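In: Sequence unavailable; structure follows:
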């Protein structure tokens, strides 16, 4: 059992935790549904007990407002947990599938079995939500789990550690704290499944490590998610919703609209509405916004410098700041910032921004805009505002992990939709039943009848076998 507090566990401690879980899995490879529900119940009780601690931790790690923590971290995690608990029987029920005529008399079904021992590597940007939701899916599917949070949000990691130790035996769920070295050592173990949320660069490292043991993976990565605002979109709706989705969590959201492509005829109205929305949400002046407790801070100095450098380099190359641009290194504060005049070759367009800077680009031809988006890696999300006649061609001509029309980010709140990337933005889905299946092995079960016509095909072959083969060839 990993002891708490666990600043930087040794390799022996990590190995002991992994082996204990593997022994538990081998002794009980298919935990009964009642036991899974009991673990989900224990998790919910611990979360509710420490709710104030979670809020305080996120405020301490990067200045997140209590209301935003409830909206984006605790509330959605609890909703996912409750949905999994009440849906578990239906998800886990063996699924009867058709049996073709050539196998008449036999029965076929698919059973969902736990993969075994899973590793969850959680990120820092939504450090509670993105640790708990995959944990819920893994537990619902019947797995044992080692959970490793990000070292960049130590207060939230400590709150999660307390919850894990209170809710679970270490043989079922173990907490692995420490720095990046902990994650690197865990990746050398032969896990049955690895669930990683983070950057594409690190996702490739995780995938290489998983390949050494042929472990399956779920990779939730990111990318530059575009937002199209078409010629006949409502600029007030688009501006307000894009402003909310971009600047919540200071832009440190994997599905935040990374940049906007707005039709040139609508550009001025869209900019005016977006600026007005920022002023309504966070204050009419920069001085008011700079002290607004609803604006989150950048997670650490390195992230702050990266964002500022991208912005400054883009301005030096000809981009123009039309809102914001102010920053305070000591407080890791970057004002909600809107930039125009940045082409696709600008520094700010070279990588996912992951901060409160919104480039707004204009287009004349939607086909040209789509072509430029398609030259880039497939994003985690794609957004489009406008009538269906203008947005459906965008959806049909592009590829992304998911799509939201006439809104941004909020698609994650629907547990009935899969969430995941494609290409460089990720591999695999989760949320709801898709998370249950991500952590499950779909096992084929075939039961043959006592008498089977296929026995006529056993050697030695003869006229009857040839006639039967011809008959089978004509079956649908």
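Out: Perfect, I can see it now. Since the structure is predicted, the reported quantities are computational estimates derived from the model, not experimental observations.
In: so who does residue 200 touch?
Out: By CB atoms under 8 Å, 6 or more residues apart in numbering, the contact list for residue 200 reads 221, 222, 223, 377, 424, 425. Where you see a C-beta, it was placed from the backbone N, CA and C, and this is true even at glycine.
In: Name the helix or strand for the closest residue to residue 87 other than its chain neighbours, please.
Out: Across the structure, with CB to CB, 6 or more residues apart in numbering as the measure, the residue nearest residue 87 apart from its sequence neighbours is residue 433 (6.9 Å). If you go by DSSP states H and E, residue 433 is part of helix 432-438.
In: Contacts for that helix next, please.
Out: Residues outside helix 432-438 that contact it (CB under 8 Å, 6+ apart) are 80, 83-84, 87-88, 91-92, 112, 133-134, 136-137, 140-141, 193, 195, 218, 415-420, 428-430.
In: From these, list just the buried residues.
Out: By the neighbour-count criterion of 16 or more other CB atoms under 10 Å, those include these buried positions: 80, 83-84, 87-88, 91-92, 112, 133-134, 136-137, 140-141, 193, 195, 218, 415, 418-420, 428-430.
In: Which members of those occur in helices, if any?
Out: Of the positions in these, 80, 83, 84, 87, 88, 91, 92, 133, 134, 136, 137, 140 sit in helices, assigned by DSSP state H.
In: which residues touch the third one?
Out: It stands for residue 84. Residues 40, 136, 137, 140, 432, 435, 436 are the ones in contact with residue 84 under the rule CB under 8 Å, 6+ apart.
In: what about the last one, neighbour count?
Out: Close neighbours of residue 436, defined as other CB atoms under 10 Å, add up to 24.
In: Report the spatially closest residue to it, excluding sequence-adjacent ones.
Out: Here the nearest residue to residue 436 in space, its sequence neighbours aside, is residue 91; by CB to CB, 6+ apart that works out to 4.7 Å.
In: So the one you found is in contact with residue 142, correct?
Out: No. Shown here, residue 91 and residue 142 do not form a contact pair, counting by CB atoms under 8 Å, at 10.8 Å.
In: thinking again about what came up before, which one of the ones in helices among the buried ones among the contacts of helix 432-438 is nearest residue 146?
Out: The shortest separation between residue 146 and any of these is 12.0 Å, and it belongs to residue 134 (by CB to CB).
In: Now do the contacts for that closest one.
Out: Counting by CB under 8 Å, 6+ apart, residue 134 has contacts 120, 122, 195, 197, 218, 430, 435.
In: same thing with residue 144?
Out: If you count contacts by CB under 8 Å, 6+ apart, then residue 144 has 21, 22, 24, 25, 116, 117, 118, 171, 172, 173 around it.
In: From residue 439, how far off is it?
Out: 11 Å (CB to CB, to the nearest Å).
In: Give the residues shared as contacts by the two.
Out: Overlap between the neighbourhoods of residue 144 and residue 439 consists of residue 118, taking contacts as CB under 8 Å, 6+ apart.
In: and which of the contacts of residue 200 is nearest to residue 360?
Out: Among the contacts of residue 200, residue 223 lies closest to residue 360 (CB to CB), at 18.5 Å.
In: And the closest one, its phi and psi?
Out: Torsion angles at residue 223 (phi, psi; degrees, to the nearest 10) stand at phi 120, psi 180.
In: doesn't residue 425 make contact with it?
Out: Yes. The criterion here is CB under 8 Å, and residue 223 meets it with residue 425 at 4.3 Å.
In: where do the contact lists of these two overlap?
Out: Between them, residue 223 and residue 425 share the neighbouring residues 200, 377, 378, 379, 380, with contact defined by CB under 8 Å, 6+ apart.
In: Now the phi/psi pair for the fourth one, please.
Out: Yep, that's residue 379 we're talking about. Backbone torsions of residue 379, given as degrees, to the nearest 10, read phi -80, psi 170.
In: which residues sit in contact with it?
Out: Residues in contact with residue 379, defined by CB under 8 Å, 6+ apart, are 222, 223, 224, 225, 226, 258, 400, 401, 425.
In: ok, now how distant is it from residue 322?
Out: Shown here: residue 379 relative to residue 322, a distance of 24 Å by CB to CB.
In: Could you do the first one as well?
Out: Distance of residue 200 to residue 322, computed by CB to CB: 30 Å.
In: ditto for the last one
Out: Between residue 380 and residue 322 the distance, using CB to CB, works out to 26 Å.
In: do the same with the second one
Out: Going from residue 377 to residue 322 by CB to CB gives 28 Å.
In: can you list the contacts of residue 144 in CSV and add distance to residue 165, secondary structure and neighbour count?
Out: Formatted as CSV, the entries for the contacts of residue 144 read as follows, by distance: CB to CB, whole Å; DSSP: H, G, I helix; E, B strand; the rest coil; neighbours: other CB atoms under 10 Å:
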residue, distance to residue 165, secondary structure, neighbour count
21, 15, helix, 24
22, 20, helix, 18
24, 17, helix, 17
25, 20, helix, 22
116, 22, coil, 20
117, 19, strand, 27
118, 19, strand, 30
171, 13, coil, 17
172, 12, coil, 20
173, 9, strand, 25
